[in-house]
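Asks: build me a structure from this.
(one chain, ligands or ions: 1)
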Amino acid sequence: MALPPSEAQQLVRQYKDSAAANILQGKPAEALADYRKVVELSPNDSAARLKVAELLAQLGQRQEAVREFHHLAIRYAAEGQTLHAIAACKLILALDPGHQETQENLASLIAMQDTEQGTEAAPLDKPAPTPLFSQLPREVFLALLGMLEVRRVPGGEPIITEGERGSSMFILVHGTVRVVHTPENSLPHTLAELSEGSFFGEMALISDTPRTATVIATRDCTLLEVTREMLTRLGTHFPSLEQVVHQFYKERLLDDLLRSNPLFQPLSDEQKRAISQRFQSRSVEPGTVLLQQGQRSNALYLLLRGRCFVVHQDPEGTERSYPDMTEGALFGEISLLLDLRVTATVRSATPCLLLVLDQETVKELVLPHPEVRRALTQLSRERLDRTAAMLAEGAEVQGSFLI
Ligand code: CMP
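Replies: Coordinates of the predicted model:
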C-alpha cells in the first residue's frame, strides 16, 4: 500500500541522510542500498537515480550501471535536458565504449534536437542548459556536444588550481563548485559559487595565463571538458562560439577588476558594461616591459594578476627601485592624465594578466565621471609626491614623472 506523501517524503529524507553519511564513511554499498530505497519511494528523483548509477559504476557493477545511466539519459532527453542526457550517454560510453545502443541514442538525441529546434543556426530556445550554450547557434552546440569529454570529480577536490597552466574549460552538468582566489600575501576569498549549467576555466584558455583562481567541487561533480583544441577547431567553423566565450571572459574580467580595484565602483552598470566592451586583456610572461621610461603612456593599465617591478634610472644610469606593483595596481594614469613622459620602467616580475584601456576610452568613458576622475587625480598626486620625496634631487621632478 502506498504511503501518505508526507510520510514518504520523510523517509526519503532519512534515506538520503543515511546515504550521505555512508558515503562519507567510505561505505558505497550501504549508500547504494539507501539510494535504491529512495528511488523505490520516489521513482522520478533523477538525482537519486544518478547516485545509484554512479555508485554502481564505483562498485564495478558495470552492466547495471549502464542500465541506470541509460534510463536517465532517456528521461533527461524527454525532459529536454540535452546537456544532462548527453553527459549520461557519455558516461555509458566511458564504462562500455562499444555500447551500440547508446551511440545510436546519442545520434538520435542530437538528430531529435536538430529537427525539434527548427531553423538553421537559430539560438537554442529550450530552457538554457548553460549560459554559454544558450547563446550558441544550434549547429555549434551540437558539434561541440559530440566532442566533449565527461569528467567526474568528488566533492572536496580541486578541479582547477590557481597559478597552474591550463588547457581546458569545464561545463558543470551536476554538482556545485566554489571559485576561490588568493591574492599575494593575503587570505583566500570566494569569487563565486557556481551551480549546474555554469562554466569555468575559460580565462586561462583564452588569455593563455596561469589559472586566475582555484575551482573546488563543493559536491560531487559531473563536468564536460572542452579543450583548447576543440575550441580552436570549432571556432574556425563557428566564430560565434569564440565570441560567446569571449563575452563571458570579459564579464568575469570586469568582475575581477571591480573586486581588485575600487576605482570603477562609482560607475553605473551601464558604464561598466560599456568599458568592459572596450578594454583589452593582455597576458605577459615575466620580464616583459609594459611601460618604458622616457616614453609616453597611451593607455591605462590595470594589473589583475601577478606582480611588476618599477625601476627609475637617473641621468647617470643609476637605477632606483620603487615598490612593486601588485594585484589591483593601476598605472599609466599620470602620463595619460597630465600628458607627461614616464620616468620609470614597469616590467613584469611574474606572469601577469592586465586590462588595458586606451586613451580614447579613458577620455570618453572614465574621465567624464567626476568621482572616478577625482580618484585618479588623487592617485596621480600621491604618486608624484612620493616620487618627489624619493628622488634625491627633488628639483629634477619636472615635466616627467613616474607612471
Ligand atoms: P581560469 O582562470 O582558467 O581558471 C579559474 C576560473 O575561475 C576562471 O578561468 C574563471 O572561469 C573562473 N572565475 C574567475 N573569476 C571569476 C569570477 N569573478 N566569477 C566567476 N568565475 C570566475
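
Asks: residues from this structure in reach of the ligand?
Replies: 160, 166, 179, 191-192, 200-205, 211-213, 215, 252, 255-256 (C-beta under 6 Å from any ligand atom). (Glycine included, C-beta is placed from N, CA and C.)

Asks: restricted to strands, list these.
Replies: 160, 179, 191-192, 200, 215 (DSSP state E).

Asks: by neighbour count, which of those wins?
Replies: Val215 (24 neighbours; other C-beta atoms under 10 Å).

Asks: for the closest residue to Gly332 other than its chain neighbours, give me phi and psi.
Replies: Nearest non-adjacent residue to Gly332, counting by C-beta to C-beta, 6 or more residues apart in numbering: Ser297, 3.9 Å away. Backbone dihedrals for Ser297, given as degrees, to the nearest 10, come out at phi -90, psi 130.

Asks: per-residue pLDDT, Ser297?
Replies: At Ser297, the predicted lDDT confidence score is 83.

Asks: give me the neighbour count for it.
Replies: Other residues within reach of Ser297, judged by other C-beta under 10 Å, total 23.

Asks: which ones are touching it?
Replies: 291, 331-332, 334-336, 342, 403 (C-beta atoms under 8 Å, 6 or more residues apart in numbering).

Asks: swap in Ala8?
Replies: Going by C-beta under 8 Å, 6+ apart, Ala8 touches 2, 41-42.

Asks: any regions of the stretch 51-200 of the chain where pLDDT drops low?
Replies: Counting by pLDDT under 70, the ranges of the stretch 51-200 of the chain that qualify are 103, 105-145.

Asks: which residue ranges of it form helices?
Replies: Taking DSSP state H, counting those that start in this stretch as the criterion, the stretch 51-200 of the chain contains helices spanning 62-78, 82-95, 100-116, 138-147.

Asks: surely Ala94 touches Arg151?
Replies: No. Between Ala94 and Arg151 there is no contact under C-beta atoms under 8 Å: 9.5 Å.

Asks: what's the local residue count around Ser348?
Replies: 21.

Asks: quick one, phi psi at it?
Replies: Here is the backbone geometry of Ser348 (degrees, to the nearest 10): phi -70, psi 130.

Asks: thinking again about what came up before, make CSV out of the contacts of Ser297 and add neighbour count, secondary structure and pLDDT.
Replies: Listed next are the contacts of Ser297 as CSV, based on neighbours: other C-beta atoms under 10 Å; DSSP: H, G, I helix; E, B strand; the rest coil; pLDDT from 0 to 100:
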residue, neighbour count, secondary structure, pLDDT
Leu291, 21, strand, 92
Phe331, 26, strand, 90
Gly332, 23, coil, 88
Ile334, 25, helix, 81
Ser335, 25, helix, 80
Leu336, 25, helix, 81
Val342, 22, strand, 82
Ile403, 28, coil, 49
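
Asks: would Tyr301 count as being in a strand?
Replies: Yes. Counting by DSSP: H, G, I helix; E, B strand; the rest coil, Tyr301 is found in a strand.

Asks: let me know the pLDDT of it.
Replies: pLDDT for Tyr301: 93.

Asks: quick one: contacts for Leu254?
Replies: Per C-beta under 8 Å, 6+ apart, neighbours of Leu254: 272-273, 275-276, 279.

Asks: narrow the contacts of Ala8 to those in helices?
Replies: Using DSSP state H, the members of the contacts of Ala8 that fall in helices are Leu41.

Asks: write the ChimeraX selection for whichever of the contacts of Ala8 are buried.
Replies: Selection of buried members from the contacts of Ala8 for ChimeraX, criterion 16 or more other C-beta atoms under 10 Å:
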select :41,42
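
Asks: pLDDT check: weakest of the contacts of Ala8?
Replies: Within the contacts of Ala8, pLDDT is lowest for Ala2, at 70.
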